[in-house]
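# pasting a predicted model and its sequence here:
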Amino acid sequence: MSWVYLLLAGLTEIGWPVGLKMAQSGCSKILGIAMAIGFMAVSGTLLWLAQKEIPMGTAYAVWTGIGASGTFLLGIWFYGDPTSLLRYMGVLLIILGVVVLKFAH
């Protein structure tokens, strides 16, 4: 169950940078900040639950890897962030590192 918590923690980790991005527009500033705080709380709680059985370093690396990769993709898809083959390769390396950590556990 700890790995499920960790996966969900990583996915909810994506929500707070999106909330902060939303907060940059005048009409959704309060909603964006509230969304960021809510996702931070949920993500942190799920990470805490995951760390009961998964070593802290592994859990943190997987959590941030999922969050960084997901945020990268959402930034490209919804916010027009720049993209290149090298940027995609960098994210692929993050994902591969997360997979290695999972199997090395």
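Arrived safely, thanks for sending. Numbers count the residues shown, from 1 in each chain.
# now the most centrally placed residue in the chain: phi and psi?
In the chain, the centroid-proximal residue (Cα atoms, centre = their mean) is Gly67; its distance is 1.4 Å. The phi/psi pair for Gly67 (degrees, to the nearest 10) reads phi -60, psi -40.
# OK, contacts around it?
For Gly67, the contacting residues are Gly10, Glu13, Ile14, Pro17, Ser43, by Cβ atoms under 8 Å, 6 or more residues apart in numbering. Just so you know, the C-beta spots here come from the backbone N, C-alpha and C atoms, and that holds for glycine as well.
# pLDDT score for it?
Reported pLDDT at Gly67 in the predicted model: 96.
# what about the nearest residue to it once chain neighbours are set aside, how many neighbours?
In space, Gly67 comes closest to Glu13 once its chain neighbours are excluded; the distance is 3.1 Å by Cβ to Cβ, 6 or more residues apart in numbering. Taking other Cβ atoms under 10 Å as the neighbour definition, Glu13 ends up with a count of 24.
# contacting residues around Glu13?
Residues in contact with Glu13, defined by Cβ under 8 Å, 6+ apart, are Phe39, Ser43, Trp63, Thr64, Ile66, Gly67, Gly70, Thr71.
# from Val100, how far out is the third one?
Look at Trp63 and Val100: by Cβ to Cβ, to the nearest Å, they are 15 Å apart.
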